[in-house]
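> attaching a predicted model along with its sequence, questions to come.
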Amino acid sequence: MSERLRELALPIDDWIFQQMNDALIFVDGEGKLLRFNDKAEELFNGDVQSLVELLDFRQLKIEGTQKMMELPHASGQLYKTQCRQLEKNSSLYAIFLQPVSLIDQTFEVKKKMGQRLTVPTEGMVIHQDGKIIDCDDTLAHMFGYEKEEMMNQDAFTLTEEGEHEALHQLFLSYPEQPYVLKAIRKGGASFYIEVLAHPYPHGDRILRVAIVRDITERVHNEKKIEFMSYYDELTDLPNRYYFMDMVKEAIEEKEGLAVHFIDLDYFKQINDTLGYSFGDELLKACALRLKMLQDADTFIARMGGDEFLVLQRHVSQQSDAESWAEKLIEVFRKPVVIDGYELYTSVSIGISLYPEHGKTAEDLIKQSDSAMYTVKEQHRNDYLCYNAAISEEFEQMLSIDSELRKALKDNQLELHYQPQKSIHTGEIVGLEALIRWNHPVKGRISPATFIPVAEKNGQIFEIGDWVIREACRQNKQWQEEGYPAVVVGVNLSALQFLQKDLVTRVKQILEETALAPMYLELEITESMAMTNEEYIIQTLNELRNLGVHVSIDDFGTGYSSLKYLSRFPVSKLKIDKVFISENQEQNQAIVKSIIHMSHSLNMKVIAEGVETAEQLDFLKNEKCDEIQGYFYSKPLPPEQLITIFKNKTIH
């Protein structure tokens, strides 16, 4: 140091100046070196002016500015630098350089790594090859220790044994992404941590600074999501997505296999009678039954609802699959006991074989489903192996299911109306609305074909509402155009009629279309009326209070109780056409009885299916009120009814 610099007067005792452990440098307002102590000289090998330039004095002298920096000649040690003006309006500045402690340096490293310092579940540790040199309190508490207890701990003792090899490999590299480990707390409890490591040179050693975050909750949530993606929460069985993967894997192994599609018989009835909670318990009990037959060659999953899937491997011939199905049916012969109820349930099983019935998982499930559907419709408590003969019917059902969903949106559905005539006056007194599906490619599709499908897929409610609304709208339009005011009849399916909000929906439709309730008649079948008499009576009374007529269709085919029939607020009975078309003496006796009974109950009676003059004469003689049938008119589209309305009567 030059003599001039040594002689510069300083506002500090010279002995203290030289004895300071930290480097201290004095400069003027332009950054020109005035004086420095021995620590500063040692720090930069005597070239203190270069040190001042490196510090960027112009920025550093801004009041309050301080920064961390590594010095080239200081083995990577971080220094905190700060500049202070000694007196206001003075041209004398002091620069302090203070080495930062090891743990403080980690905060600077953490800043460089773009991490937040305020995450409460995030700690920091410095280690060399896994041996802990320093850590913060957050990390110590994360593992259940005091900070002093963590010193010199081995990272391998803080992680599960299965993680040790991965941990060793990580010490040999510098991964850019965080890695996840399963760690152990002081008490032995395991938890998950995410570690992001960063090399840190310190003296002649290369240490590691690691940021450690407790991600146990995140991992548990991820595992729950993964479980939900591949397992059914109710039964703990794999779901259909997992099942598909397993079938695809088995197909890749080119081994013979069978897919069993299983449906519980009468589950809907049990569910409706005893409640959904009871139904859930039944599904869990049935899943346990299925697991009784699970072995190395079977994989069981829940398809959804009351349907299950089974993959059977190493199937060399059809009889192998059939033998397994027979075992399952036998297992279900024993009753299931739930909440004190002893239930006897059975299963319907459809079977498909690889590669005979399909070469993909989708095809095998589809073919086994079609075989099960056939069993369900015909026998129940049985199994059936897929064959081409049952495919056509099932394919048609699937096709209709898919295309029916487009029919309403694309205006493919329409209503035709069959006139109903008064025998006494010969005038039109009513019209029965009959739905038609005019498919753009397949042409006319019978309601007998698509209505059962609509009931199965739940679309019957949307279709039913449309029929009532369209019939009311059309009837109101005819009235506004000056044609005779008649009653329009609409058939209700069993599912429709059992809707709890049926009356509210009908009332809303009448208000929307402005049709008077007296011109709407809802038709229910005799079997529907006898299903749940008390509920039916309540609904019928509400409809009567609304002003809507109700008739019982297909009368004579069921087993009506006269006691309940006398209580029903019904305006009309419709004699089933089977009793009209077959002119046997017994049928004529039944028709006479129905007519006389209806009149005694103050109900009108209408006969449908009238096709001949002889049938008409018989009904006239028996004083039937109204008739409907091809003898007078087939169902007609709205525009063709205009001529009939103009004539007022059907001759």
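Ah, there it is. Numbers count the residues shown, from 1 in each chain.
> ok now the helix or strand that contains Ser593, how far from the chain's centre?
Per DSSP states H and E: Ser593 is located in helix 585-600. Using C-alpha atoms, centre = their mean, to the nearest Å, the mean C-alpha position of helix 585-600 is found 54 Å from that of the whole chain.
> give me the contact list for that helix.
For helix 585-600, the external contacting residues (C-beta atoms under 8 Å, 6 or more residues apart in numbering) are 555-556, 562, 572-573, 575, 578-580, 604-605, 607, 618-619, 622-624. Glycine gets a C-beta too; all of them are placed from N, C-alpha and C.
> just the buried residues of it, please?
Asn587, Ile590, Val591, Ile594, Ile595, Met597, Ser598 (16 or more other C-beta atoms under 10 Å).
> I'd like the next helix or strand past that helix.
Counting by DSSP H and E, the next helix or strand C-terminal to helix 585-600 is strand 604-608.
> between that following strand and helix 585-600, how many degrees?
If you take axes from the mean of the first three to the mean of the last three C-alpha atoms, to 10 degrees, strand 604-608 sits at 150 degrees to helix 585-600.
> partners of strand 604-608 in the sheet?
Strand 604-608 has the following sheet partners, assigned by DSSP bridges: strand 572-575 (parallel), strand 626-628 (parallel).
> over to Tyr417. Which of the three states is it?
Following DSSP: H, G, I helix; E, B strand; the rest coil, we place Tyr417 in the strand state.
> how would you label Lys500: helix, strand or coil?
Put simply, Lys500 is coil when judged by three-state DSSP.
> how far away is it from Thr525?
According to C-beta to C-beta, to the nearest Å, Lys500 stands 20 Å off from Thr525.
> who touches the helix or strand hosting Ala285?
Per DSSP H and E: Ala285 is located in helix 276-291. Surrounding helix 276-291, the residues in contact under the criterion C-beta under 8 Å, 6+ apart are 234-237, 262, 264, 267, 270-271, 300, 302, 306, 308, 310, 328, 331-332, 336, 338-339, 341, 343, 345.
> name the residues of it that come out as buried.
Residues of helix 276-291 classed as buried by neighbour count (16+ other C-beta under 10 Å): Phe278, Gly279, Glu281, Leu282, Leu283, Cys286, Ala287, Arg289, Leu290.
> kindly reformat these as a markdown table and extend each row with pLDDT.
As requested, the buried residues of helix 276-291 are exported to a markdown table (pLDDT from 0 to 100):
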| residue | pLDDT |
| --- | --- |
| Phe278 | 84 |
| Gly279 | 85 |
| Glu281 | 90 |
| Leu282 | 90 |
| Leu283 | 92 |
| Cys286 | 92 |
| Ala287 | 92 |
| Arg289 | 90 |
| Leu290 | 91 |
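> helices along the stretch 251-400 of the chain, start to end?
If DSSP state H, counting those that start in this stretch is used as the criterion, the helices of the stretch 251-400 of the chain fall at 267-274, 276-291, 318-331, 361-378, 388-407.
> deepest-packed of these, please.
helix 361-378 (a mean of 21; mean count of other C-beta atoms under 10 Å).
> which strands or helices does it pack on?
Using 3 or more C-beta pairs under 8 Å, 6 or more residues apart in numbering; DSSP states H and E as the contact test, the elements touching helix 361-378 are helix 240-252, strand 257-264, strand 347-354, strand 383-385, helix 388-407.
> could the C-alpha coordinates of that helix be exported in PDB?
This file holds the C-alpha atoms of helix 361-378, laid out as PDB (Å, rounded to 0.1, in the frame of the first residue of the first chain):
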ATOM      1  CA  ALA A 361     -60.900 -55.900 -26.600                       C
ATOM      2  CA  GLU A 362     -63.800 -53.700 -27.900                       C
ATOM      3  CA  ASP A 363     -65.200 -56.500 -30.100                       C
ATOM      4  CA  LEU A 364     -64.900 -59.200 -27.400                       C
ATOM      5  CA  ILE A 365     -66.800 -57.000 -24.900                       C
ATOM      6  CA  LYS A 366     -69.400 -56.100 -27.400                       C
ATOM      7  CA  GLN A 367     -70.000 -59.700 -28.500                       C
ATOM      8  CA  SER A 368     -70.200 -60.900 -24.900                       C
ATOM      9  CA  ASP A 369     -72.600 -58.100 -24.100                       C
ATOM     10  CA  SER A 370     -74.900 -59.200 -27.000                       C
ATOM     11  CA  ALA A 371     -74.800 -62.800 -25.800                       C
ATOM     12  CA  MET A 372     -75.700 -61.600 -22.200                       C
ATOM     13  CA  TYR A 373     -78.500 -59.400 -23.600                       C
ATOM     14  CA  THR A 374     -80.000 -62.500 -25.300                       C
ATOM     15  CA  VAL A 375     -79.900 -64.500 -22.000                       C
ATOM     16  CA  LYS A 376     -81.400 -61.600 -20.200                       C
ATOM     17  CA  GLU A 377     -84.300 -61.400 -22.600                       C
ATOM     18  CA  GLN A 378     -85.100 -65.100 -22.800                       C
END
